[in-house]
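**Q** how does the following fold in three dimensions:
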Amino acid sequence: MAPAVEDLLTTFHPSGDAFAITAGDGRIKTWDVRNGEMRTEFTDIKTTSISGADIASNGHLAMDYTCMAWASLVTHGSAKKKKKGSKGGTSVVVLGTGSGDVVAWDTTLGELKWRTSDCHSGGVKAVAFNKTGLRVYSAGHDGNVCELDSLTGQNLSKFRAAKIPLSCVAVSPDGGTVAAASAELKLFDLSSKKRLRKFPGHPAPVKALLFTPDGKYVLSCAVGERHVAMWQCEGSKADTGVVCSLSLEHPAVALDCTGFDKEGEILRIVAVSEGGVAYIWSAPTVAELGTAKATTISTKGTGKGSKSANSSVLAARFLEDGASVLVVHGTSAKPEFEKVVLDSQEGLSITVGAITNGALLPAITAGKGRSAIQEVTVLGPDNAGDALLPRPQIEIASAKKSKKKRRAELEDAEAEPSPKPMEDDTELPKPEDDEAMTIVEDEETMEDKLIALNLISDSPKEEIMGGGKAMVPLADSLQVLLTQGLHSEDNSLIEQCLAVQDQKMISKTIQRLRPADAAKLLVISISKLESRPQRAINLVPWVRAVLLQHASYIMSNPSMRPVLSTLYQIIEARLATFRPLVSLSGRLDLIMAQISANESQEKDLEKFDGAVIYDEEDSEPDAIDAMVDEDLEEDDDDEEDDEDDDEDAMDEDKTDGQVHGNGNGLSDGEHSEDIDN
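**A** Got it, this is the predicted structure:
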């Protein structure tokens, strides 16, 4: 199975005539853009000892590449640098690994140029070159930024940019500023290693980071976010909001821009999304970029409804003229290259087809399609599910037609003369017999077999075909209605959509909305909630879904701050009354518990009294009471006799002690006189 677009590592040669790609298996392939042929393939890494013998060979599977960049080394200055440049080649592909190493391949000689070990503990996350290509900067899991020599791989300097892992790094065109990003963006001066600016950034780690050619702006996109943010590098430090935000259907994985360094040129930004589609925004000024409609470039699928990796845009890059873009599509094993000339119109949908010869085709004007290429559709994991979808209306029509045709054939068969009997007076079985017809009609249909295998649902045909019954609206149709209502400001249409309370439908609908439309829906919902607080039970699910799905866009948009503050005030007002109500509810629960306990005790007493008092005859209770009184009097007499007996016993004990005190029956005086004598 082909890897996803977000799992691929791609980079262009600075001149745009070559392309490098790796699919995560440790193999790096470089392709010639003009003829579509592969130039080199780098796999095994061998380290050589001083004597020149190979001492290690780990193989391509041992390398875990995490980032990649390509630079052409431009050596200016002393002859010593020129000598170094001529010795090592003029073009290198630098990759970072998960083990913390930085590896450089010489694309001219097709061999390993250098390898710097243990640059970042925890792994390298991003690499970037300066404009000359003589310095490469790497960012890693340890939060440090390293500056390496592109010719030798020597680690020149290192400074700490963040306390958390970094995910992206970019160098300004003048080479004096470096941008490092994790979730937030920071700009550092390379000479003093001091932080210049800090932007709030994104809630998730940044996936791609890029300086504009004039160095005044920084473009960024994060993991799982469906918009590209533009930040201004110049100005006061207090101004940290986004200049504009460009929305797209799927999260972006790669960025490129042109026209910012030339006066009068149209500004263009291209972003390749995880869905395999390239989005291009064009505007004469930066302020108009935020409202510009994106032109999409997608590929022609191999079949109807196909979404396989064979029809995905892998990378895109503006060419030197700025009015055309180089699109790479196909697979990582065999990418195809196509040049598309951009039109001045906005919001176009351009489709590029599959290329069979691998060559860079002539320029295609935007809006002009190409003839479809006849290809064989191969069922796979992406499009095999379409073969299982039922088509009840077609099957029913074909079944009715077949029954009518069968009846007509039977009538024709009855009209024909019967065959002559055989010599043994046995007749052949007729196909029009009633028994044969019964067998055909009772035969299990293909639909029944599929239902028995749980491949399709056993739903009524009228409901599937929509005959006379209201069908549940799908998330796609609800998204279309909601978008139309927001754009046309149709309150009745918006209220119809907000009346839906299905959580799954709300989540899918908000997920398919553009971030700008979702922000508009949030403003309308909060306004309705503020005017009529009793509608909270219907509006809160929509507000919650918008905040969950489009939090990054709303947080980075300065115009949404008053709306969020209003929402905070509504929540605080509800919480202010919530706590006393909870306290009152607890006390009421305590009172109700005591009342129920008292009622239960009374019921128990009633049950107990009913069990003890039993009146069979009027004389029996009196007799029982008399017997009880006699027993009590006898017990009292016995107790008094026992007490008298105890007192007599105590007196006898005292007398015995006096008598037996001297041992001889004599008094104490007589006993003492005997002792003296």
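**Q** tell me where the stretch 201-350 of the chain has strands.
**A** 206-211, 217-222, 227-232, 244-247, 252-258, 267-273, 278-283, 295-299, 312-318, 324-330, 335-341, 349-352 (DSSP state E, counting those that start in this stretch).
**Q** in its sheet, what does the third one sit against?
**A** Think strand 227-232. In the sheet, strand 227-232 lines up against strand 217-222 (antiparallel), strand 244-247 (antiparallel) (DSSP bridges).
**Q** do I have it right that residue 297 meets residue 353?
**A** No. Contact criterion C-beta atoms under 8 Å: residue 297 and residue 353 do not qualify, at 11.8 Å. In short, each C-beta sits where N, CA and C put it, glycine included.
**Q** show me which of the two is the more surrounded one.
**A** residue 297 (26 against 20; other C-beta atoms under 10 Å).
**Q** grab the nearest non-local neighbour of that one.
**A** Using C-beta to C-beta, 6 or more residues apart in numbering and skipping residues adjacent in sequence, the residue nearest residue 297 is residue 278, 4.1 Å away.
**Q** ok, the one you found - contacts?
**A** For residue 278, the contact set (C-beta atoms under 8 Å, 6 or more residues apart in numbering) comprises 270-272, 296-298, 313, 316, 325, 327.
**Q** can you pick the most crowded of these?
**A** residue 272 (30 neighbours).
**Q** for it, give its distance to residue 253.
**A** Applying C-beta to C-beta, to the nearest Å, the value for residue 272 to residue 253 is 6 Å.
**Q** residue 110 now?
**A** Distance from residue 110 to residue 253, by C-beta to C-beta: 28 Å.
**Q** do residue 217 as well
**A** 20 Å.
**Q** now swap in residue 483 and tell me
**A** In terms of C-beta to C-beta, residue 483 sits 26 Å off from residue 253.
**Q** what about those two, which has more around it?
**A** The neighbour comparison of residue 483 against residue 253 (other C-beta under 10 Å) goes to residue 253, with 23 against 19.
**Q** surely that one meets residue 208?
**A** Yes. Counting by C-beta under 8 Å, residue 208 is a contact partner of residue 253 at 6.5 Å.
**Q** shared neighbours, these two?
**A** Shared contacts of residue 253 and residue 208 (C-beta under 8 Å, 6+ apart): residue 221.
**Q** so which elements touch the strand or helix carrying residue 575?
**A** If you go by DSSP states H and E, residue 575 is part of helix 561-612. Helices and strands touching helix 561-612, by 3 or more C-beta pairs under 8 Å, 6 or more residues apart in numbering; DSSP states H and E, are helix 515-531.
**Q** now the helix it packs on - C-alpha only, CSV.
**A** Output of helix 515-531 as CSV, limited to C-alpha atoms (Å, rounded to 0.1, in the frame of the first residue of the first chain):
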residue,chain,number,x,y,z
PRO,A,515,-12.9,28.1,8.8
ALA,A,516,-14.3,31.5,7.7
ASP,A,517,-17.8,30.2,7.5
ALA,A,518,-17.5,28.4,10.8
ALA,A,519,-16.4,31.7,12.4
LYS,A,520,-19.4,33.4,10.9
LEU,A,521,-21.7,30.7,12.3
LEU,A,522,-20.1,31.1,15.7
VAL,A,523,-20.8,34.8,15.7
ILE,A,524,-24.5,34.2,14.7
SER,A,525,-24.9,31.5,17.3
ILE,A,526,-23.5,33.6,20.1
SER,A,527,-25.7,36.5,19.1
LYS,A,528,-28.8,34.3,19.2
LEU,A,529,-27.7,32.8,22.5
GLU,A,530,-27.2,36.3,24.0
SER,A,531,-30.6,37.6,22.9
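**Q** give me the angle between the next helix or strand after it and helix 561-612.
**A** Next in sequence after helix 515-531, counting helices and strands by DSSP H and E, comes helix 536-549. If you take axes from the mean of the first three to the mean of the last three C-alpha atoms, to 10 degrees, helix 536-549 sits at 130 degrees to helix 561-612.
**Q** contacts for helix 536-549?
**A** Outside helix 536-549, the residues that reach it (C-beta under 8 Å, 6+ apart) are 498-499, 501, 503, 506-507, 509-511, 513, 518-519, 521-522, 525-526, 528-529, 554, 567, 574.
**Q** now do the same contact list for the nearest residue to residue 248 once chain neighbours are set aside.
**A** Using C-beta to C-beta, 6+ apart and skipping residues adjacent in sequence, the residue nearest residue 248 is residue 279, 4.6 Å away. Applying C-beta under 8 Å, 6+ apart, we find residue 279 in contact with 246, 248, 252, 270-273, 294-297.
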